[in-house]
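Trainee: Got a predicted model here, sequence first, then my questions.
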Amino acid sequence: MKRQFLLGLFLMATVLTYAGGYRVSLQGQRGLAMGHTGVAVVNNAELAFFNPGGLVFLENKINAAVGASAVFSDVVWQNQEFGQTARTDSPTGTPFYAYFSYKLSEKFTLGLAAYTPYGSSVAWEKDWAGSHLVNDIELAAIYVQALASYKITDNLAVGGGPIYVSGSVNFNRNLNRTLSDLEGDRSNVTIDASGVSAWGWSAGAMWKPIDSLTIGVNYRSEILVEAENGDADFQNVPNSPLTPFNDTKFDATLPLPAELSIGASYQLNDKWLFAFDYNRTFWDAYESLDVDFADPGIPDSSNPRQYEDSSIYRFGLQYGANETFTLRAGYYFDESPVQSGYFAPETPRNDSNNFTAGLTVNVTDMIAIDASFLYSRFEEIDESYDYYTEPNPTTGQPEQVPFEGTYKSSAFVPGLGVTIKI
Amino acid sequence: MRTMKNYFKYIAVLALGIVSCEPELENSIEDGGQYSNGSADFSNYVALGNSLTAGFADGALYISGQQNSYPNILASKFALVQDTDEFTQPLMNDNIGGLLLGGTQIQQPRFVLGGESLETARPARYNGTPTTEVGAKLSGSFNNMGVPGAKSYHLLAPGYGNIAGVATGMANPYFARFASADNATVLGDALAQQPTFFTLWIGNNDVLSFATSGGAGVYQENITDFTQYGPNDITDANAFAFVYNSLVSQLAGEDGLGAEGVLINIPNVTDIPFFKVVPVNPIPLDANTAAALNAQFGAYNTQILPGLAQMGVITEAEANSRKITFAEGPQNFVTIRDENLTDISGILQGEPFNLDPQTAGLLGQLRQATNADLIPLTSSSFIGSQVGDNPMLINGVSVPLGDEHVLTAKEQELVAQVTAQYNGAIATIAQNYSLGLVDANQLLSQIAGDGGLTYQGVQISSRFVSGGAFSLDGVHLTPRGYAVIANEIVKEINETYEANVPAVDVGTYSTITLNNNVQ
């Protein structure tokens, strides 16, 4: 009985994947319909997210915008060499937002915001070929923010406020590619943590050098969601002291990266508005996900991610057709933070071209319905995750076992919202 | 407001359209056309063979092992290539393994790796009661016709699946579960399914049972009447070739079904861990015991053996090979009774030795094992045990191990020679019928070689328990081992039939099972 081999069995829990690269840009139907631009667009209470500095430029005393989207996102994967195919059957994601602002004076506006800029919901078939990386994952983070916006001069305003985050994660994967119990059922672990709170902030500034041109900048800080004492539930583990995977607690930290937005909008005439945003998401913060199991018998898990900062280029167009209808369209190019060789199936994201459209129907002077639609187009891509390891049966040393194949993702996101101006 | 309604309608329609849209790959396996069956037809695949074909592992047949049998793996790949019939297997009733006959256990549960710690981990029988009753006959036909224990000629033997013969050893309990009739043959039941494609891996047991019994049987050279064969005998090589040709001609011949297929040849039995676990020199002795033993064998070494050599009863070389010496330390060689040595028990009872019959019997064919001998895995607990609780009579030390505990160099030579003859016949038959041939002999030699074999980046070796290729009985393969076989068959099919069948992802197949609920 070689010690290395059995130690190898212990080392099986080496790779625990997690969500990342899942910035969900659905923080306002009006903005989204225009390619999710908005850092320099004064439109409605969505400014609470896009650029709180601009809230004070809203004309009405009370502004509110609420809405939600339905994310239909799926991924198909196949490996031609081995004839393996898998398809996600992910539950429909429902990110939402609710913004409110109240103009205290000409120069000062207060606001409140709740939104869900990060999240992920991916469910592969249980025990699929990549089940040692992920079976399914649900990640959600709700941001709640208090805001203040101050007009320094007639054409320059700043704003911002603290963010409270409540996050949750539920993630299941198999312990490795083969371990199973006597019945042949695969050993797996579910880690679950909810109500994980954290704090951050955002701040923005808006400047209108001339009437028709608006320039904005907004920064949202990085927020580290530190799950402490989450539940790790091990299932189908062989009945043996040699595989001591008993249910335990875990600690892990997931960065929700900072984001910088710079943009401009130009009001061509009464009817046409053009907007451009540039986003830089500082994914560099996501180097590795480390899960620390409380049970000293279960080895901690380190999972290289090595995300890199990524850019998004957004273009939007708004056409005020008449008193009742406003039409919008947009496009954005979303650069994936996931680098080649780190393409893990819990966030199978490559670069995407995104097309948006939408409209607003002004039901009354005070109430408007906002609808939007997003189609994300991903190229088919041959990729791999190379940093899963299994112990060499002879030496016990970890050896990389790449998981590779062809991925194709799709996402269709219809959304509805209401804008209120009083 | 009418216009507004239309807008909403439009959005609703759009939204509904969206839900049904799924991502599609350009060259999707699901759409077909990515692979090709070449000149083979996999629509109805039947596998013939023994335990290796059945998916036997860890000393038992059980469901998850069957699901990882190489024929089942192959069938799953064939289904990606063309429309195929469902691949059926005579699944056991549980994952415990073992068999009941009329409620009485006749085959033991599987081995699992038990133990409280790294140091004490060891393979042991799972502590469960088998629930698979031989008498609970399965209905229907089965694509996997692998029958554990079958030798080549058994596939042609009527009544091999007759439940009435199981208790007396005249029939096979595994075949009795699903034979179509009491007088059915394995081959007949296979042919009745009209296979378009087959694999045949048979002949292992024709030499293996001799080897695993420590050479307790005989080589039935030139004997073609199989009813005279004992269970541990080696099948005559010519008789094997005749039987094998008969099997293949009925499956693949012009007068038979004319099916395409792949033949798999016979590995060397000495490449299995079953003979690599128990060393020939496992006896630890302290200085006093070694001295006492040497004193005990002193007269034998210095007087009897030289005396017999002088008398011409044995050669000088034999006399030297029969000397027994022990030393202080952990690595003393076991003593064995070697039937190839001159039996001197009679002479020793006469002049001038005048030994009592018991002592003469112990010395009759006595020698110490050498590195050329092999000890079966099953003898590990026997070595060092006492005869009748007598501390002076230690098996493998003061009492030589019997024939069944040692596969001697001579016996190994015989097995190797016959195996080579079998494989020669298989190669010729493969060529005659233009069938694929997988050289399992060479493959397992590589796996058994130094450092094992790195296959698809996965290191596999024949090291017991941890090597990955062999299950806990030391003879049969693990799912990963069977996956390697399946992949080799795929490669051979792709070459022989110009097909494009996808490969088997070997690393995703498991090896051994841990469980602490052991007997």
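Mentor: Alright, I've got the coordinates.
Trainee: Longest strand in chain A, please.
Mentor: The longest strand of chain A (DSSP state E) is strand A:188-210.
Trainee: need the helices for chain A, in chain order.
Mentor: In chain A, the segments counted as helices under DSSP state H are A:3-10, A:29-33, A:47-50.
Trainee: which strands and helices sit next to the second one?
Mentor: So that's helix A:29-33. strand A:62-69, strand A:325-334, strand A:352-362, strand A:367-378, strand A:403-421 (3 or more CB pairs under 8 Å, 6 or more residues apart in numbering or on different chains; DSSP states H and E). (C-beta placed from N, C-alpha, C; glycine too.)
Trainee: quick check: mean pLDDT across that helix?
Mentor: The average pLDDT within helix A:29-33 is 97.
Trainee: gap between that helix and the chain center?
Mentor: Averaging C-alpha positions (CA atoms, centre = their mean, to the nearest Å) puts helix A:29-33 17 Å from its chain's average.
Trainee: Name the surrounding residues that touch that helix.
Mentor: For helix A:29-33, the surrounding residues in contact (CB atoms under 8 Å, 6 or more residues apart in numbering or on different chains) are A:25-26, A:37-38, A:41, A:43-44, A:46, A:49-50, A:65, A:67, A:69, A:316, A:328-330, A:356-360, A:370-374, A:413, A:415-417, A:419.
Trainee: hang on, the earlier thing: so which of the helices and strands packed on helix A:29-33 gets nearest chain B?
Mentor: Closest of the helices and strands packed on helix A:29-33 to chain B is strand A:403-421, at 3.7 Å (criterion: CB to the nearest CB).
Trainee: so the closest one versus strand A:62-69, what angle?
Mentor: 150 degrees (axes from the mean of the first three to the mean of the last three CA atoms, to 10 degrees).
Trainee: Let me see the mean pLDDT of strand A:403-421.
Mentor: The predicted model assigns strand A:403-421 a mean pLDDT of 95.
Trainee: Next, see if it gets close to chain B.
Mentor: Yes - against chain B, strand A:403-421 shows contacts by CB under 8 Å from any CB of the partner chain at A:406, A:408-410, A:412, A:414.
Trainee: Could you dump these into JSON lines with neighbour count added?
Mentor: Output for those, formatted as JSON lines (neighbours: other CB atoms under 10 Å in any protein chain shown):
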{"residue": "A:T406", "neighbour count": "19"}
{"residue": "A:K408", "neighbour count": "21"}
{"residue": "A:S409", "neighbour count": "22"}
{"residue": "A:S410", "neighbour count": "19"}
{"residue": "A:F412", "neighbour count": "20"}
{"residue": "A:P414", "neighbour count": "22"}
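Trainee: closest to B:A171 among these?
Mentor: B:A171 lies nearest to A:T406 out of those, by CB to CB, at 51.2 Å.
Trainee: which residues does B:R177 contact?
Mentor: By CB under 8 Å, 6+ apart, the neighbours of B:R177 are B:90, B:132, B:134, B:136-138, B:161.
Trainee: Would you convert those into TSV that also reports neighbour count?
Mentor: Formatted as TSV, the contacts of B:R177 follow (neighbours: other CB under 10 Å):
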residue	neighbour count
B:P90	22
B:T132	23
B:V134	21
B:A136	10
B:K137	13
B:L138	13
B:G161	28
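Trainee: how about a markdown table for the residues you listed, with distance to chain A added?
Mentor: Shown next, in a markdown table, are the contacts of B:R177 (distance: CB to the nearest CB, whole Å):
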| residue | distance to chain A |
| --- | --- |
| B:P90 | 17 |
| B:T132 | 15 |
| B:V134 | 22 |
| B:A136 | 20 |
| B:K137 | 25 |
| B:L138 | 20 |
| B:G161 | 27 |
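Trainee: Tell me the buried residues in stretch A:312-328?
Mentor: By 16 or more other CB atoms under 10 Å in any protein chain shown, the buried positions in stretch A:312-328 come out as A:312, A:314-318, A:320, A:324, A:326-328.
Trainee: that older thread, which one of the helices of chain A has the lowest average pLDDT?
Mentor: Note on those: helix A:3-10 shows the lowest mean pLDDT, a mean of 40.
Trainee: quick one: the strands in the stretch 101-250 of chain A?
Mentor: Using DSSP state E, counting those that start in this stretch, the strands of the stretch 101-250 of chain A run over residues A:108-123, A:136-153, A:156-174, A:188-210, A:213-220, A:223-235, A:248-256.
Trainee: Nearest to B:N500, out of the ones you listed?
Mentor: The nearest among the strands of the stretch 101-250 of chain A, by CB to CB, is strand A:156-174 at 29.9 Å.
Trainee: which helices and strands does the closest one pack with?
Mentor: Contact analysis of strand A:156-174 by 3+ CB pairs under 8 Å, 6+ apart lists strand A:108-123, strand A:136-153, strand A:188-210, strand A:223-235, strand A:248-256 as its packing neighbours.
Trainee: Out of those strands, which is closest to chain B?
Mentor: Between chain B and these, the shortest gap by CB to the nearest CB is with strand A:108-123, which sits at 12.9 Å.
Trainee: Check the closest residue to chain A within the stretch 151-300 of chain B and give its pLDDT.
Mentor: Taking CB to the nearest CB as the measure, the stretch 151-300 of chain B has B:V277 as its residue closest to chain A, at 10.7 Å. Listed pLDDT for B:V277 reads 92.
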